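Undergrad: dropping a prediction and its sequence here:
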Amino acid sequence: MLTISRMKSILTPTLSAFTLQLPKATHLPLLTSKSFPCNPNPTTTLLPLKPTTLSPTCSIHSIQSRDVHMEPTTLPPGEIHVIVGPMFAGKTTTLLRRIQSESSNGRSVALIKSNKDTRYGLDSIVTHDGAKLPCLALPALSSFRQKFGLDAYDKLDVIGIDEAQFFEDLYDFCREAADNDGKTVIVAGLDGDYLRRSFGSVLDIIPLADSVTKLTSRCELCGKRAFFTLRKTEEAQTELIGGADVYMPVCRKHYVSGQVVMEAARTVLESQNVQCVSYA
Ligand SMILES: Nc1ncnc2c1ncn2[C@@H]1O[C@H](COP(=O)(O)OP(=O)(O)O)[C@@H](O)[C@H]1O
Ligand SMILES: Cc1cn([C@H]2C[C@H](O)[C@@H](COP(=O)(O)O)O2)c(=O)[nH]c1=O
Ligand SMILES: [Zn+2]
């Protein structure tokens, strides 16, 4: 039975529902109410999709039966949501809240963190306030499907990723999970390291994202909004796992002044190390 809505879906298909394939060099005339006497809205003009060689008097039925190939409906499109900011800004708290909200809405969820984050054990994601949820701790995101189970993965709706700055394969995993597998991916991670440089691949996934949320903490020295993370120790490598013992959230003014002090301290320590080595 050919209905108006079916005609519209044929003449104005939505990409997500069907793939409409008409033969090349076809010419569909501008269809008006005269072409479809059953058109309930004579003022509505059904616009042509692609030209077709079909004669202007052909019935929509012949287009439908002879020339239209309907693909089955594909997966609903996925989503990517990114949560960034300095340490202690509430990134993990926000991630866990969103995951819990998705779960209470009946969606199946899973949490992943980097196995580099050993601060609170490897079987849970834990906020600096102690809130926690179970997770899979992985060396790389590419191992998730296998570890989680392929059937279980197919049934999964939402994937949460914490400490995203430690995953080198973050971009490819998020793109494939959202674009190909229809998953909603919620990513939490540091946008910048202690030198305020792009950390890992977190900023690389911004062009893939449906939403980006930058959180702030409170400057430990003045209480103003903190956008940056200052390292309080002399280590100079980028990756250094730690909490309030090693890092503090600071505003711009106290980052700049604090970084000057820290760089001077590191220089003194380096020169002392050099002297120690030369005396040894
Ligand atoms: N300077 C700080 N030292 C320790 N904890 C802090 C500090 N500032 C904020 N916090 C706590 O950290 C919590 C945020 O924890 P979490 O969500 O794990 O942050 P993030 O994942 O952004 O590092 C805040 O709600 C606050 O209670
Ligand atoms: C700034 C900075 C941080 N890290 C480490 C320290 C922590 O283990 C995590 C961040 O944890 P959070 O959930 O954001 O509190 O990253 C690092 O390795 N290098 C840095 O420059
Ligand atoms: Zn400050």
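TA: Thanks, I have the structure now. Numbering: from 1, shown residues only. Ligands and ions are numbered 1, 2, ... in the order given.

Undergrad: ok, is the helix or strand residue 275 falls within in contact with ligand 3 or not?
TA: Assigned by DSSP states H and E, residue 275 belongs to helix 252-279. Yes. Counting by C-beta under 5 Å from the ion, contacts between helix 252-279 and ligand 3 involve residue 254. For glycine as for every other residue, the C-beta is placed from the backbone atoms N, C-alpha and C.

Undergrad: can you tell if that helix touches ligand 1?
TA: No. Helix 252-279 stays clear of ligand 1 (C-beta under 6 Å from any ligand atom), getting no nearer than 12.0 Å.

Undergrad: show me how far stretch 259-279 is from its chain's centre.
TA: Remark: stretch 259-279 is offset 41 Å from the chain centroid, using C-alpha atoms, centre = their mean, to the nearest Å.

Undergrad: count of residues packed around residue 212?
TA: 15 (other C-beta atoms under 10 Å).

Undergrad: could you give the backbone dihedrals for it?
TA: Residue 212 has phi and psi values of phi -130, psi 130 when expressed as degrees, to the nearest 10.

Undergrad: re earlier: what helices or strands is the helix holding residue 275 leaning on?
TA: Other helices and strands packing on helix 252-279, by 3 or more C-beta pairs under 8 Å, 6 or more residues apart in numbering; DSSP states H and E, are strand 228-231.

Undergrad: so in that sheet, which strands flank the following helix or strand past the strand it packs on, and in what orientation?
TA: Where DSSP H and E defines the elements, the next helix or strand beyond strand 228-231 is strand 247-250. Sheet pairing here is set by DSSP bridges, and for strand 247-250 it gives strand 228-231 (antiparallel).

Undergrad: so what touches the partner strand?
TA: With C-beta atoms under 8 Å, 6 or more residues apart in numbering as the test, strand 228-231 has contacts from 86-87, 190, 192-194, 196, 240, 246-252, 254-255, 258-259, 262.

Undergrad: among those, which ones are buried?
TA: 86-87, 190, 192-194, 196, 246-251, 254-255, 258-259, 262 (16 or more other C-beta atoms under 10 Å).
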